[in-house]
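# Here is a sequence together with a model predicted from it:
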Amino acid sequence: MIGTLTSAFEVQSVKAEDGTITIRADGSIDPPTAPIITSDYVTYTFVGNIQDQITIERSNITIDGNGYTLLGNASGTGLYWNGIDNVTIQNTNIIDSVWGIGLNSSSGNSVIGNNITNNGYCGIWFNSSSNNKVNGNNIAVNGRGIEFWSSSNNNSVSGNTMTDNTYSGIYLDSSSGNSVSGNNITSNRYNTDGIVLWFSSSNSVSRNTIINMYHGGGILLGYSSGNSVSGNSLTNNLDGLDFLFSSSNSVSGNNIANIDYGMRLSYVCDNDFSGNTITNNTYGIVLSSSSYNNNFSENSITNNSIYGLDIFSSSNNSIYHNNFVDNTQQVVSDSSMNLWDGGYPSGGNYWSDYNGSDLHSGPYQNVTGSDGMGDVAYVINGNNQDNYPLMKLCPWAAHDVGTTSVATSKSFVGQGYNASINVMMFNYGNETENINVTICANQTAISEIYNVELTSRNFAIIPFTWNTTGFAYGNYTISAYAWPVLGETDTSDNNFTLGVVKVTIPGDINGDFKCALADLSLLAKAFNTYPGDAKWNPNADLNGDGRVSLADLSVMAKYFNQHC
């Protein structure tokens, strides 16, 4: 494209004698032969291609390139103004200068809908300037795409497409209070990042898409504080987010995928990382070099091929209410001691490889009843453990119920007799729910109960009685299913399946489907006991009355020496 345009310029472009076209303070165009026209000294329109530089000395004007091209000579600045305000540059192809557009100590300017390409140092350069807008431009094959130096207060860069620039797509140095949003940045050619903030504070970096930065990262913050980095999509880059000597930044809702290092954080403190999705990277997050007082919450760290989170020499960070799912190694912690839960009842993190149960509650997990947290800690190493691992992915939904356990009074029950079944439910949601539950033996519903009221973050133990009359001898898998409540989307834990319960001949205590001397011996050992006694055997309570007595011996006598 550049070669074609250059050939065309040999016969079509107009060049001033001194190499510069100037729009004077009085509104005149110097030289007057330049292919630029104006009828009101406000809007200046190209009527042909220009092979020159343009200097602007007049405020409150619009320069409309009208689709024509401003071609430099690989030197100088294509369009330049100093101390001039409220200039709009639009619809112009700006090619082959050192700086495509350069402005100094200026405010209220707009650069809109231009093609800015092949400029050696920078496509657009701002110095000591404020309240400027750069929107909807195509900025490609420059040194840097857009650069701000000491430029603060409401500069906005949005909706631009930046491709194949040699260095950073957008670079802010010593610049504060600016917005960078909705830009698409791809394929920088050297070891640099899509967006760089250096010694810059209180900026907003949001909703940018940065991809295919094979030699650099997505977003870099160095010596920068108080910035908001949110809703960005960073994929197929060398790094996702790099923070160095940076503090008090908010990083939320970013999607970081298919990268070597999702987040690489060194010498950072007092930052908040929340609600980010960090998936399918080599390393999810690396936190190192005396980083402290950072908060990590509600992040999803999944399917990272080496570590989900790698911590080295960094302590006193809060890391809870996150999801660690299917990382090759969830966490590696070296020379570090951090907080992995918010205490009770706040809880800790969700760990996909946690295999504990949730049968108890309370700060010491010694009270009967579910609380949505595992009964034993998730241990990372000797200095780090999550005392209250979460049983479900967080954040918990507004409407969500789960079946946390099913327990039967016995593992063998005589045909025609009863077994007690207790189902424990937990309400993870924020609202009181009315729950319906179905109990099945294999695929046969054996009982249903309706409208069990369960308040938010609370449990209920629902008792059922299974009368085995009419059930054939054999093995039965007992399960409980909580019907989805209105608005519930995660039903993966609504069903809980218990192990096998045998329906056998009455008097069979050892589960071999016959009533014999071996069963009589077991009944004798448990004779005259109640639940809680050391020798209590629930299978010896043949009639299910809560004790082993002569009544059970009578049942055994009736079926003695019989088999299924």
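Here it is on my side, so go on. Please read all numbers here as calculations on a predicted model, not as lab measurements.

# Show me this protein divided up by domain.
Split into domains by automatic domain parsing, the chain comes to 1-166, 401-504, 517-559.

# okay, the ones you listed, which one's buried deepest?
Ranked by mean neighbour count, the domains of the chain are led by domain 1-166 with a mean of 19 (mean count of other C-beta atoms under 10 Å). Glycine gets a C-beta too; all of them are placed from N, C-alpha and C.

# My reading is that Asp552 is in a strand; is that accurate?
No - read with DSSP: H, G, I helix; E, B strand; the rest coil, Asp552 is helix and lies in no strand.

# Looking at the domains of the chain, spot the one closest to Glu298.
Closest approach to Glu298 among the domains of the chain is made by domain 401-504 (14.9 Å; C-beta to C-beta).

# what pLDDT, on average, does the closest one get?
If you average the pLDDT over domain 401-504, you get 95.

# Now do the same contact list for Thr88.
Ile61, Thr62, Ile63, Asn109, Ser110, Val111, Ile112 (C-beta atoms under 8 Å, 6 or more residues apart in numbering).

# Ramachandran coordinates for the last one?
What it means is Ile112. Note on Ile112: its backbone torsions stand at phi -130, psi 130 [degrees, to the nearest 10].

# next one: the third one
With angles defined as degrees, to the nearest 10, Ile63 sits at phi -110, psi 120.

# Ends of stretch 323-340, what's the gap?
12 Å (C-alpha to C-alpha, to the nearest Å).

# same question, stretch 93-101
Start-to-end, stretch 93-101 (C-alpha to C-alpha) is 11 Å.

# Please list the residues outside it that contact it.
2, 5-6, 53, 65, 67-80, 89, 111, 114-125, 142.

# For it, give the mean pLDDT please.
So the average pLDDT for stretch 93-101 ends up being 97.

# can you check stretch 118-137 too?
97.

# and if you look at stretch 352-368?
96.

# Make 39 the starting number, not 1.
Got it, first residue is 39 now, which makes that one stretch 390-406.

# got the contact list for it?
361-364, 368, 381-382, 407-414, 416, 426-427, 429, 442-443, 462, 464, 497, 499.

# In contact with the nearest residue to Ala479 once chain neighbours are set aside, which residues?
Distance criterion C-beta to C-beta, 6 or more residues apart in numbering; nearest residue to Ala479, sequence neighbours excluded, is Tyr514 at 4.2 Å. When contacts are counted by C-beta under 8 Å, 6+ apart, Tyr514 touches Ala479, Asn480, Val538, Val539, Lys540, Val541.

# I'd like those laid out as TSV, including secondary structure.
Output for the contacts of Tyr514, formatted as TSV (three-state DSSP):
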residue	secondary structure
Ala479	strand
Asn480	coil
Val538	strand
Val539	strand
Lys540	strand
Val541	strand
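
# now, which of those residues sits nearest Ile323?
Val538 (43.2 Å).

# For the closest one, list the residues it contacts.
Ser449, Asn513, Tyr514, Thr515.

# and it, bridged to which residues?
Thr515 (DSSP bridges).

# Break down this structure into its helices, ranges please.
40-50, 555-564, 588-597 (DSSP state H).

# Give the other helices and strands that the second one contacts.
Spelled out, that is helix 555-564. helix 588-597 (3 or more C-beta pairs under 8 Å, 6 or more residues apart in numbering; DSSP states H and E).

# quick one: the spatially closest residue to Tyr159 that is not a sequence neighbour from Glu486, how far?
Excluding its sequence neighbours, the residue lying closest to Tyr159 (C-beta to C-beta, 6+ apart) is Gly181, at 4.4 Å. To Glu486, Gly181 is 72 Å away according to C-beta to C-beta, to the nearest Å.

# ditto for Ser266
51 Å.

# quick one on the thing from earlier: list buried residues within the contacts of stretch 390-406.
Among these, those classed as buried by 16 or more other C-beta atoms under 10 Å are 361-363, 368, 382, 407-413, 416, 426-427, 429, 442-443, 462, 464, 497.

# picking that back up, return the subset of the contacts of stretch 131-139 lying in strands.
Using DSSP state E, the members of the contacts of stretch 131-139 that fall within strands are 91, 107-109, 115-118, 127, 149, 153-155, 160-163.

# Low-confidence ranges, the stretch 289-438 of the chain, go.
Counting by pLDDT under 70, the stretch 289-438 of the chain shows no low-confidence range.
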